[in-house]
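**Q** Any chance you could fold what I've pasted below:
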Amino acid sequence: MDFPVELAAGGSPVERVPGAVPARLQKGKERNLALAVAAVDKLLLAPGQLFSYHRLVGRPSRLRGFAPGLELREGRESEGAGGGLCQLSNLLYLLAIQANLRIVERHRHGLDLFPDHARSVPFGCGATVFYNYRDLRFENSMAQPLLLRLELVGGELRGRILAVRAPGFSVEIVEKDHRFFVEDGQRMRENRILRRVTFSDGRVCEEQLAHNRCRVMY
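**A** Sure, this is the predicted structure:
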C-alpha cells in the first residue's frame, strides 16, 4: 500500500543547546533515541487503532541496551537509563496534533529546561513519558490507515505521519496567553495550546489541547 500524502512532519536537533548537557549523558541520549526510533519506525496504524508509546518502546533498562541520559525526576534534573527519550515523545505528540488524531493520554513537562533556541513550534507542545506510569497514547481517528516514519539523520530527530489520501482538512497549532511570571520566588512560564482545524467545506473547529504551567530553569 502506498502512502503518498504527508499529514504531519517535524524534527528537532538531538543536541538542542550545544554543550548544555554533559557529553556522557548526551551520547547516552543519542543511543537511547536510536533504540526507540527503531522500535517505532514504520508503524502502521489502522483506523481506530490506539498508539501507546510504552507498548512499543517498553521499559528503557540497561539490560535492553539503554544508556544513562539526562531526565527529569520529581521536578529535578537527574540521570537514568533511557534519559533523553522525551524528545521522541515530544515529536510523536506534535505529529499526532498536526494529523488531527485524538489524544487519549498526554502528560506535560514540569520544567522548562532550555531557552527557545531553534524552537519551531510554541512552547508546551511536548509530552513527558515515564515507564510504566506516564504514557503517550493517541488514536487513529481517521477512516484510513496511517504510516509513521521516524529517523535520526544529520544530528536531527525527524518524523512524519503519512496517509493514503488527502484528509480534507488543515491543522494550525495556536498559542494563547503566553507569559513569564514570578510565583513564590520562582520564575514560571505559562501558555495554552489550541488546535485549529479548517475543513475543505469552510468549517473551522478549535479545541484547547493543553494548559502548560512550569518552572523555568534558565
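**Q** Do I have it right that T128 meets L111?
**A** No. The pair T128 and L111 fails to qualify as a contact (C-beta atoms under 8 Å) at a distance of 9.6 Å. No exception for glycine: its C-beta is placed from N, CA and C like everyone else's.
**Q** what about the longest helix in the chain?
**A** In the chain, ranked by residue count with DSSP state H as the criterion, the top helix is helix 23-40.
**Q** following that helix, which helix or strand comes up?
**A** For helix 23-40, the succeeding helix or strand toward the C-terminus, using DSSP states H and E, is strand 43-45.
**Q** can you give me the offset of the next helix-or-strand element following that following strand from its chain's centre?
**A** Once strand 43-45 ends, the next helix or strand along the chain (criterion: DSSP H and E) is strand 50-52. A distance of 14 Å separates the C-alpha centroid of strand 50-52 from that of its chain, computed with C-alpha atoms, centre = their mean, to the nearest Å.
**Q** Flag every buried residue along the longest helix of the chain.
**A** When burial is assessed from 16 or more other C-beta atoms under 10 Å, helix 23-40 yields the following buried residues: 25-26, 28-33, 35-37, 40.
**Q** cool, stretch 86-102 as well?
**A** In stretch 86-102, residues buried by neighbour count (16+ other C-beta under 10 Å) are 86-101.
**Q** on that earlier part again, of the buried residues of helix 23-40, closest to M142?
**A** Minimum distance to M142 across these is 18.8 Å, recorded for V40 (C-beta to C-beta).
**Q** how about the strands of the protein, start to end?
**A** 5-13, 43-45, 50-52, 68-73, 76-81, 102-105, 111-112, 137-139, 146-153, 156-163, 169-183, 186-199, 204-216 (DSSP state E).
**Q** Which strands or helices does the longest one pack on?
**A** Applying 3 or more C-beta pairs under 8 Å, 6 or more residues apart in numbering; DSSP states H and E, we find strand 169-183 packed against helix 86-98, strand 186-199.
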